[in-house]
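Asks: This is a predicted model, with the sequence first.
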Amino acid sequence: MKEERKKIILILLISIFMLSFCLLPVIYMVIISLSKNPDFLSAEKTLRFTLKNYFDVLSVRSLHFTDYLKNSIAVSTISAALSVFIAALAAYSITRLNLPGKVILLFFVLVVSMFPQISLVGWLFKLMAELGWINTYPALILPYIGWILPLSLWILVSYFSQLPKELDKQALIDGCSRWQILFKVLFPVALPGLFSTFLLAFIFAFNEFMFALMLTADHKARTIPVGIALFQGLHGEIPWGNIMSAATIATLPVIILTIVFQKRIVQGLTRGAVKG
């Protein structure tokens, strides 16, 4: 009994530590976003709360926060959708077709994904400049697809390998082509895995910073992470209230997606959709 009690206490302490470690920065961000005087060097030490920072971020046109939010949602959604679609085609080929060297190809994709972004961004900038795409959506969407694709491919290969190949054989007997099998049989069955992969790809693209910093110039294509990092007030001071309120609003889509679809994400990544 004592061992069980010690185990429970230890699990409880670890859980409290992990919860505090994860939530304290978020709580601090929210408090600063609501503070009337968020500057810690301010002579006024009394903490007073206000919603002015949120109104400023959403209403002051010079901050372009709504433009950054629109850009992030558009670029992340398109990039995630295309990445998942391409990864689904590749996962089907790897798990269903007798392709030579497909295991080597899969590990090659993994190796390529380990290259740091900073080693690639210079070549990307030169390419996008020659194409005239700097500060446009395609300048971000194409690199994002390549950046997200390895993650999407590995998740979907794992998921597609759990689907029984009897589905393909039965569909072939019924006269379906490979494309019909993919779109009419496997995609509907693999929808939980596809949806989970799309959510993770969207979050990855939404939080990306390096490519967005180097390949955009202003609010026409700049995304939220870069936009918030480049917030600057009058005379060069750092508007901590605006930065924290913008960061709070920017994290809401990711938090909502994670909370609402948490079960679907876990189910999609840990088990197949076909039950015996």
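Replies: Ah, there it is. Computed from a predicted structure; not experimentally measured. Numbers count the residues shown, from 1 in each chain.
Asks: Which helix or strand in this structure has the lowest average pLDDT?
Replies: helix 262-270 (a mean of 67; mean pLDDT, DSSP states H and E).
Asks: any idea of the pLDDT on the residue nearest the centre of the chain?
Replies: Centroid check for the chain by C-alpha atoms, centre = their mean gives Ile203 as the closest residue, at 1.5 Å. Looking at Ile203, its pLDDT is 89.
Asks: thought it was touching Leu257?
Replies: Yes. Under the criterion of C-beta atoms under 8 Å, Ile203 makes contact with Leu257 at 7.1 Å. Bear in mind the C-beta positions are built from the backbone N, C-alpha and C, glycine included.
Asks: Mind giving me the packing neighbours of whichever strand or helix holds the residue nearest to the centre of the chain?
Replies: Assigned by DSSP states H and E, Ile203 belongs to helix 191-207. Packed against helix 191-207 by the contact rule (3 or more C-beta pairs under 8 Å, 6 or more residues apart in numbering; DSSP states H and E) you find helix 65-96, helix 137-160, helix 240-260, helix 262-270.
Asks: do that again at 10 Å, thanks
Replies: Applying 3 or more C-beta pairs under 10 Å, 6 or more residues apart in numbering; DSSP states H and E, one finds that helix 191-207 contacts helix 65-96, helix 137-160, helix 224-229, helix 240-260, helix 262-270.
Asks: So for Ile9, which of those helices sits nearest?
Replies: Proximity to Ile9 (C-beta to C-beta) singles out helix 262-270 among these, at 27.1 Å.
Asks: Report how many residues lie close to Asn98.
Replies: Asn98: 5 surrounding residues under other C-beta atoms under 10 Å.
Asks: do Leu12 as well
Replies: Neighbours around Leu12, by other C-beta under 10 Å: 10.
Asks: The one 4 residues further on too?
Replies: Using other C-beta under 10 Å, the number of residues around Ile16 comes to 10.
Asks: tell me which residues in whichever strand or helix holds it are buried?
Replies: Secondary structure from DSSP H and E places Ile16 in helix 2-34. For helix 2-34, burial by neighbour count (16 or more other C-beta atoms under 10 Å) applies to Met29, Ile32, Ser33, Leu34.
Asks: what about the third one, distance to Leu23?
Replies: Pointing back at Ser33 there. Going from Ser33 to Leu23 by C-beta to C-beta, to the nearest Å gives 15 Å.
Asks: got it, and the last one?
Replies: Plainly put, Leu34 is 16 Å away from Leu23 if you go by C-beta to C-beta.
Asks: what's the answer for Thr136, then?
Replies: 38 Å.
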